[in-house]
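Engineer: next comes the sequence, and after it the predicted model I'd like to discuss.
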Amino acid sequence: MFCEGSFKNTVGVWKRFSDFENLSREVANGNENCKNFATVLDDLNPLSIYDDQPPELLPNAATSWRLLKKRQRWYRCLEAGYLSLKVFLLERFLHDILFESSSPHILRDFVGVDA
């Protein structure tokens, strides 16, 4: 469920785990591009100019994804306890993206909502 603005703008979509993996790669690429301390300082400089949007630092989201992958089982598992844990960890991953990102464009693109 995704809602930006009023309740009338609520959208519900089903996503596959591979969609979450693609989102995690996008989050991880932003973190890999910003690991250098000088790059981080450049990002904080208001006079620095970018051709594109600078990648965002989302360390908690990256950590949440690593935790989810650490708890993942090798084969399809339909145990209720495991599935509820997986749902919780996926929600935590999305919450971390929501709270750490400066704009909703990452989640908007993930859900497939036009701006």
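Structural biologist: All right, it came through fine.

Engineer: wait, Cys3 sits on Leu98?
Structural biologist: No: look at Cys3 against Leu98 with C-beta atoms under 8 Å: they stay out of range, at 11.4 Å. (Each C-beta comes from the backbone N, C-alpha and C, glycine too.)

Engineer: how about Glu100: what's its closest non-neighbour residue?
Structural biologist: Leu58 (4.6 Å; C-beta to C-beta, 6 or more residues apart in numbering).

Engineer: can you check Glu4 too?
Structural biologist: Pro104 (5.8 Å).

Engineer: pretty sure that neighbour is touching Asn9, no?
Structural biologist: No: Pro104 is beyond contact range of Asn9, at 11.4 Å (criterion: C-beta under 8 Å).

Engineer: what about those two, which has more around it?
Structural biologist: Using other C-beta atoms under 10 Å as the criterion, Pro104 and Asn9 rank with Pro104 on top: 16 against 10.

Engineer: how close does that one get to Ser18?
Structural biologist: Remark: distance between Pro104 and Ser18 (C-beta to C-beta, to the nearest Å) = 22 Å.

Engineer: cool, and Ser103?
Structural biologist: 25 Å.

Engineer: what is the least confident helix or strand in this structure?
Structural biologist: Lowest on mean pLDDT, DSSP states H and E among the helices and strands of the chain sits helix 37-44, with a mean of 50.

Engineer: which strands and helices sit next to the helix or strand following that helix?
Structural biologist: Downstream of helix 37-44, the next assigned helix or strand under DSSP states H and E is helix 59-71. Here helix 59-71 touches helix 17-33, helix 80-100, going by 3 or more C-beta pairs under 8 Å, 6 or more residues apart in numbering; DSSP states H and E.

Engineer: in TSV, list these along with mean neighbour count and distance to Lys69.
Structural biologist: Listed next are the helices and strands packed on helix 59-71 as TSV, based on neighbours: other C-beta atoms under 10 Å; distance: least, C-beta to C-beta, whole Å:
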stretch	mean neighbour count	distance to Lys69
helix 17-33	15	8
helix 80-100	14	9
